[in-house]
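1. need a structure here:
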Amino acid sequence: MPPAKAKKGRRRRGQRFGAYGVVADGDGRILLARIAEGYPGGGTWHLPGGGVDFGESPKAAVAREIYEETGQDAQVGGLLNVTSFRHRRAIGPEGYPLDWHGVRAIYSATVPDPSAAVVVEAAGGSTSESRWWDAEALDDLPLSAAVEDALQVVDLKNLAAQA
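-> Numbers count the residues shown, from 1 in each chain. Down below sits the predicted model:
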């Protein structure tokens, strides 16, 4: 949905409801997607997920987004957390400034039969790559705010015990 046009002297505003997955496999690895350069958070590793389409359930959106961003068929579990943020001086992918408000529903998910992660969505999307990570690697990765939100409610380094 395009952001509302700004009234004279006011910044454009945008809002997005997204659903994301804390995705694990049986070995406790976590599945992350790297945000493409040119998008907010570009270069950071992010939870697979994204915008919920009109009329789509958040759980269906998580499953769809996980597949598009990683090529994995995930079983979406329970809701872990709902977070929100506001970035008053964001620059959208189109290059214009906007007052941005995002709401994230974060779900647990598992992939019973994991394979090498691969981005399935069309080229030029918001995901540049995806990969399974062992828990010890998380300390050395540039992580997105959504991953930091997930760290508040789930021990990403002990996913095998939580699955």
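2. rank the helices and strands of this protein by mean pLDDT and give me the bottom one.
-> In the chain, the helix or strand scored least confidently by mean pLDDT, DSSP states H and E is helix 159-162, which has a mean of 54.
3. can you pull the buried residues of the helix ranked longest in the chain?
-> Determined from DSSP state H, the single longest helix within the chain is helix 58-70. For helix 58-70, the neighbour count (16 or more other C-beta atoms under 10 Å) marks Pro58, Lys59, Ala61, Val62, Ala63, Arg64, Glu65, Ile66, Glu68, Glu69, Thr70 as buried. Quick note: C-beta positions are derived from backbone N, CA and C, even for glycine.
4. now stretch 117-130
-> Buried, per 16+ other C-beta under 10 Å, within stretch 117-130: Ala117, Val119, Glu121, Ser126, Thr127, Ser128, Ser130.
5. adding secondary structure, write those out as CSV.
-> Output for those, formatted as CSV (DSSP: H, G, I helix; E, B strand; the rest coil):
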residue, secondary structure
Ala117, coil
Val119, coil
Glu121, coil
Ser126, coil
Thr127, strand
Ser128, strand
Ser130, strand
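6. format those as JSON lines; extra columns: pLDDT.
-> Conversion of those to JSON lines gives the following (pLDDT from 0 to 100):
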{"residue": "Ala117", "pLDDT": "97"}
{"residue": "Val119", "pLDDT": "96"}
{"residue": "Glu121", "pLDDT": "85"}
{"residue": "Ser126", "pLDDT": "89"}
{"residue": "Thr127", "pLDDT": "94"}
{"residue": "Ser128", "pLDDT": "95"}
{"residue": "Ser130", "pLDDT": "97"}
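7. Val22: what secondary structure?
-> Following three-state DSSP, Val22 is assigned to strand.
8. so it makes contact with Ser108?
-> Yes: judged on C-beta atoms under 8 Å, Val22 makes contact with Ser108 at a distance of 5.5 Å.
9. between these two, which contacts overlap?
-> Listed as contacting both Val22 and Ser108 by C-beta atoms under 8 Å, 6 or more residues apart in numbering are Leu80, Val154.
10. pull the longest strand from this protein.
-> When the chain is parsed with DSSP state E, its longest strand is strand 75-91.
11. name the residues of stretch 96-112 that are buried.
-> Within stretch 96-112, the residues that count as buried by 16+ other C-beta under 10 Å are 98-102, 104-111.
12. no no, stretch 38-53
-> By neighbour count on 16+ other C-beta under 10 Å, the buried set for stretch 38-53 is Tyr39, Pro40, Gly41, Thr44, Trp45, His46, Leu47, Pro48, Gly49, Gly50, Val52.
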